[in-house]
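In: sequence? don't have it. structure:
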């Protein structure tokens, strides 16, 4: 069974530029999460999807961040414009359903904003 | 709010030494508790879990017991290997929510 796939693995951009991250969850997993992991910190939830519906986006900075999961499968997280403080690892995770305890994480995208 | 506190690292051990990484939590109700491990260059992997008080989670020689009276979920292993070198995250899932709350992580370095 393939795991959670994320791309790109690394991205370096200049500040004020846009950037997008892509995630493909484990097949059949209805719930998808985007987390932000700053250096030396634990992951923090940005947004959670149940199928194509964003059910928890309370931690997503909506002035510059956006996300979509149009067909309830893969998802894209976008930042526009990027700021220096956005340099971090962006993790995607999925779980089988709402009642599942276990979240499966992808390898993450390491973003560096210069 | 809900939170997790882990001991600061790095924890440096010799191979075959005993490992303890402390984790305490603050939460209302009866959260589920987890240990995740992150190997260099990889994503987080679930190591073990416990969903109610006095449950013991175990995997790959690691163990942790859900202690509600001390709000703790300490990770232990009797004999560490070099391949155990990684960052370990304690996390909780609050009752009725799907949002994992992570600690800051503890880096473990095991030398031969």
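Out: Cool, got the structure. Because the structure is predicted, anything quoted here is derived from the model rather than measured. Numbering: from 1, shown residues only, chains lettered A, B, ... in the order given.

In: can you pull the residues of chain B lying near chain A?
Out: Residues of chain B lying close to chain A (Cβ under 8 Å from any Cβ of the partner chain) are B:4, B:32, B:34, B:36, B:41-46, B:49, B:51, B:89, B:91, B:93, B:98-100, B:102-105. C-beta: built from backbone N, CA, C; applies to glycine.

In: mind checking which of the residues you listed are buried?
Out: Buried subset of the residues of chain B next to chain A (neighbour count, 16 or more other Cβ atoms under 10 Å in any protein chain shown): B:4, B:32, B:34, B:36, B:43-44, B:46, B:49, B:89, B:91, B:93, B:98-100, B:102-105.

In: beta partners for whichever residue of chain B sits closest to chain A?
Out: Residue nearest to chain A within chain B: residue B:102 (2.9 Å; Cβ to the nearest Cβ). According to DSSP bridges, the residues that bridge with residue B:102 are residue B:91.

In: and it, what does it touch?
Out: Residues counted as contacts of residue B:102 (Cβ atoms under 8 Å, 6 or more residues apart in numbering or on different chains) are A:42-44, B:4, B:36, B:89-91.

In: going by distance to residue A:8, which of these wins?
Out: Residue A:8 has its nearest neighbour among these in residue A:43, at 18.7 Å by Cβ to Cβ.

In: regarding the closest residue in space to the closest one that isn't next to it in sequence, what is its secondary structure?
Out: Among residues not flanking residue A:43 along the chain, residue A:35 sits closest, at 3.8 Å (Cβ to Cβ, 6 or more residues apart in numbering or on different chains). Judged by DSSP: H, G, I helix; E, B strand; the rest coil, the three-state class of residue A:35 is strand.

In: and for residue A:35, the neighbour number?
Out: For residue A:35, the tally of surrounding residues (other Cβ atoms under 10 Å in any protein chain shown) stands at 26.

In: now residue A:49
Out: Counted with other Cβ under 10 Å, residues neighbouring residue A:49 total 22.

In: surely it is in contact with residue A:69?
Out: Yes. Residue A:49 is within contact range of residue A:69, at 4.7 Å (criterion: Cβ atoms under 8 Å).

In: the buried ones among the residues of chain B next to chain A in strands, which ones?
Out: Secondary structure assignment by DSSP state E places B:4, B:32, B:34, B:36, B:44, B:46, B:49, B:89, B:91, B:93, B:102 of those in strands.

In: from those, pick the one nearest residue B:65.
Out: residue B:49 (11.9 Å).

In: angles on the backbone of residue B:82, please.
Out: Main-chain torsions, residue B:82, degrees, to the nearest 10: phi -60, psi -40.

In: thought it was touching residue B:108?
Out: No. Residue B:82 sits out of contact with residue B:108 when judged by Cβ under 8 Å, with a separation of 10.5 Å.

In: any weak-confidence spans in the chain?
Out: No chain specified, so I'll use chain A. Along chain A, segments meeting pLDDT under 70 span A:1, A:98-100.

In: grab the most central residue of it for me.
Out: Central residue of chain A (Cα atoms, centre = their mean): residue A:34, 3.1 Å from the mean position.
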